[in-house]
Every structure is written in C-alpha cells, then in structure tokens.
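Undergrad: Sequence first, predicted coordinates after that:
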Amino acid sequence: MTVAETIQPPFLVTPLPGKGMSVIATAPIPIDTLLFSELPLLLLLDESHSTPLQTRVLAAFNKLPPKPRAGLLSLCSNLDQGKKHTDEAIALGVWKANNFCLDSEGTVNGIFELAARLNHACIGGENCRWEWDPETREMAFYTVRDIEEGEELTHCYRPDWRMGTKNRREALMEEYGFFCGCTTCESPEED
C-alpha cells in the first residue's frame, strides 16, 4: 500500500462508536487531494462468471500469503461477533461487506485494506471518491470537497442507487448490514 508516499498521512484509522474502524482527518484536507493509493489484498478477474462467486473468493483467499491474509481477516465481515467462525467464513463475510466492483461489467472486483476502512455516506454526503487504474491495479482515493480536521472520511458505496431514503436504507441494510445515518439520509429534504 502506498499512502500517497507521504511521511505522515492527514488521517488515521480508529474505531468510531457504532461504525467500527473508520478513517478520520487529522488535519484540514483541501478538495482534490490524493489521500492514498493502494494495491488490492485480493483481486478477482472473471469475464465469464462460470465459476460460482463463493468458489472464486475462497480459491483466491486460500492462495494469499500470510500478511495480506491477516489484513483481509482484520476487516469487517458483518458476522455474529459472539460466535466462532472459520477463516473461510470470515473471508466470505469480508468479501460481501467490503468488495469493490472496479469495472462497469462487474468482471473485476477487489478488496482493499485501507479503502475498506472508509465508511459509507449517500450521494451528496460523501467527501471522497475513488478511481481504479487497471494498468497499475491501484485504487486511489481523492477528496471531493474541503475536509475539516476530525471529520470522518466517507465515500458512497453505491452511487448507482438513486432511490428514496427508506428504500436506500433498506437496500444498504440488506447488502452491507448497516443502517445509514449519513447527512443525506438525515436531511429533512430527503423523502
């Protein structure tokens, strides 16, 4: 992972109540700042979708070296924390909760350790965006507005979901396992 090749990045990863691990600005960050770029922990390339997703995820996970494997297992899996789970079950939970679809056809998907720590905010409430470079296989995150010190860094998990608050919240709960309380959802302007 390259954290924008800076000595001290302008953010830290820390737990937030009710949100798990999150990314918080440690200084003011101007609009259009490259926050970080990173290579995936796990990348799936499949144009045919002929093999079931679970099989592909587990095959890729089981080939990971120890350090990326540990990084992947450290991410949120939305599994019941009161129960013991196999590494494979955790890996599948992490995939469901954190994978990024990197192309419009849905044939390139990946898990990124730092990117997975940025929480969701719906369209209009997010303060970051990401870009995927298929040549370098790096994901880069940029600010979309000025960010204040202490502010949580967020991006929109599903910018293609153009629906009212109630439906969007239900979809986010079903897909990602959380109730969205972002500024867009909490706005009286939203339906």
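TA: Good, I have the coordinates. Numbers count the residues shown, from 1 in each chain.
Undergrad: What about Tyr157, how many residues nearby?
TA: 21 (other CB atoms under 10 Å). In short, each C-beta sits where N, CA and C put it, glycine included.
Undergrad: Let me know the secondary structure of it.
TA: coil (DSSP: H, G, I helix; E, B strand; the rest coil).
Undergrad: residue contacts, the most centrally placed residue in the chain?
TA: Geometric centre of the chain, nearest residue: Ala116, 3.3 Å, by CA atoms, centre = their mean. Neighbour list for Ala116: Leu75, Cys76, Val94, Asn98 [criterion: CB atoms under 8 Å, 6 or more residues apart in numbering].
Undergrad: mind checking how far the first one is from Thr136?
TA: Yep, that's Leu75 we're talking about. 22 Å (CB to CB, to the nearest Å).
Undergrad: In terms of pLDDT, where does the residue nearest to the centre of the chain sit?
TA: pLDDT, Ala116: 96.
Undergrad: still on that earlier bit, just among the contacts of Ala116, which is most surrounded?
TA: Of these, with other CB under 10 Å as the count, Val94 tops at 25 neighbours.
Undergrad: Next secondary structure element downstream of the helix or strand containing that one?
TA: If you go by DSSP states H and E, Val94 is part of helix 87-98. Later in the chain than helix 87-98, the nearest helix or strand by DSSP H and E is strand 100-101.
Undergrad: who touches that following strand?
TA: By CB under 8 Å, 6+ apart, strand 100-101 touches Val108, Asn109, Gly110, Ile111, Phe112, Ala115, Trp130, Trp132, Met139.
Undergrad: in its sheet, what does it sit against?
TA: strand 108-111 (antiparallel) (DSSP bridges).
Undergrad: Distance from the chain centre to the strand it pairs with, please.
TA: 11 Å (CA atoms, centre = their mean, to the nearest Å).
Undergrad: For that strand, C-alpha coordinates in CSV please.
TA: Taking C-alpha atoms only, strand 108-111 is exported to CSV below (Å, rounded to 0.1, in the frame of the first residue of the first chain):
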residue,chain,number,x,y,z
VAL,A,108,-13.1,-7.0,-11.9
ASN,A,109,-13.7,-6.9,-8.1
GLY,A,110,-11.3,-6.4,-5.2
ILE,A,111,-10.7,-6.0,-1.5
